[in-house]
Structure formats: structure tokens, C-alpha cells
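Undergrad: just coords:
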């Protein structure tokens with residue numbers, strides 16, 4: 001590495017082969033400060049620190065959301081398992097669906113909901129499977145079996161069938 005030196009009225013400065021001053025202590029304004037104002041930004045040092053902090057914060061937020069979702073799911077599962085298995089007489093009062101996703105190339109997911117009104121007037125909305133959803137009709141009466149927020153089954157009351165024989169209506 002070549003070392004070049006230069007004299008002036010301020011003092012002696014020497015430059016290494018990369019064009020960096022070796023000793024700036026004799027120059028006014030640079031006493032004891034080798035890099036000056038922008039020394040913290042050397043090769044994006046401050047920007048690198050900001051990016052590192054930002055990425056760390058995003059990671060912590062994403063990890064927190066995932067942990068919250070897991071804890072929430074386990075809590076719901078545990079609550080449903082601890083709840084009593086109930087079979088009550090009820091009426092189907094409403095049905096609805098909720099479709100999520102499906103934009104672009106992603107697949108859509110459909111959730112099916114049914115609202116039951118118990119004989120005491122209380123209403124319960126439960127997520128039901130697509131096969132049960134298709135078999136439920138509003139105003140159906142029957143026995144609803146559920147545990148917490150978990151739908152188990154719905155057995156429709158047996159309706160008397162009418163028939164027509166010899167031109168006469170029979171019940």
C-alpha cells in the first residue's frame with residue numbers, strides 16, 4: 001500500500017492507497033473525530049440498523065398474531081370440550097354462508113351457518129357442515145344436539161304425510 005504525505009500550513013496529512021486520510025487530528029473541526037458527521041452512515045450503517053429493527057418488529061408482530069390465534073383456538077376447543085352435550089327441541093330460523101378467498105388463482109372457502117331458536121326463545125348460531133346445511137330448511141322443527149359452539153346433529157320431527165286415495169285427501 002502506497003502512503004502519500006502532504007504538508008501544509010495546517011499540518012502534515014498522509015493518505016493511504018485508498019484515498020482515506022490516516023490522521024485528521026491536526027485539522028480544525030476534526031479533532032478526535034475520524035469520520036465527521038456522516039461516520040454513522042458509513043456503508044449504510046444507520047440504515048442497516050433501522051432495517052434490522054424494522055424487520056425484527058415485523059417478525060415479533062407476526063409471531064404474536066400466530067401465538068394469539070393458536071391460544072384462541074385451543075381456548076375455544078377446550079371450552080367446547082368442557083361444555084355439556086345438549087339435545088334440545090328447536091326450530092331452524094335462518095341459514096347463511098360466508099365465502100372467503102377466491103380472488104385471482106386462490107381457492108374459495110365457504111362456511112355454513114344455521115341459526116336455531118330453542119323452545120325457551122334463545123337463539124343459537126352454529127357452524128354446520130355443507131352436508132347438514134343442505135338438509136336444513138327454515139322452519140324445520142326437531143331435536144338439536146350441540147356442545148358449546150360445536151354443532152353435532154339435527155333430527156327433524158316426523159311430519160305426518162298426506163296422501164290422496166280414491167280422490168279423497170287423507171291425513
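TA: Structure's in. What do you need? All values reported here derive from a predicted model rather than from experimental measurement.
Undergrad: and the next helix or strand past the biggest helix by length in the chain?
TA: If you go by DSSP state H, the chain has its longest helix at helix 45-82. For helix 45-82, the succeeding helix or strand toward the C-terminus, using DSSP states H and E, is strand 85-101.
Undergrad: what residues of that following strand count as buried?
TA: By 16 or more other CB atoms under 10 Å, the buried positions in strand 85-101 come out as 90, 91, 92. Glycine gets a C-beta too; all of them are placed from N, C-alpha and C.
Undergrad: nearest to residue 58, of those residues?
TA: Distance to residue 58 across these (CB to CB) is lowest for residue 92, with 45.3 Å.
Undergrad: where does pLDDT dip in this protein?
TA: 1-47, 160-171 (pLDDT under 70).
Undergrad: swap in 90 and give it another go.
TA: Low-confidence segments of the chain, defined by pLDDT under 90, are located at 1-54, 80, 101-106, 157-171.
Undergrad: of the buried residues of strand 85-101, which is the nearest to residue 119?
TA: Nearest to residue 119 among the buried residues of strand 85-101 is residue 90, at 7.0 Å by CB to CB.
Undergrad: and the closest one, what is it in contact with?
TA: Contact analysis of residue 90 by CB atoms under 8 Å, 6 or more residues apart in numbering lists 116, 117, 118, 119, 124, 141, 142, 143, 144, 154.
Undergrad: hmm, 7 Å instead?
TA: The contact partners of residue 90, taken as CB atoms under 7 Å, 6 or more residues apart in numbering, are 116, 117, 118, 119, 144.
Undergrad: and it, how far from residue 152?
TA: Counting by CB to CB, to the nearest Å, the separation of residue 90 from residue 152 is 13 Å.
Undergrad: what do you get for residue 144?
TA: Counting by CB to CB, the separation of residue 144 from residue 152 is 8 Å.
Undergrad: ends of stretch 97-114, how far apart?
TA: Counting by CA to CA, to the nearest Å, you get 9 Å between the two ends of stretch 97-114.
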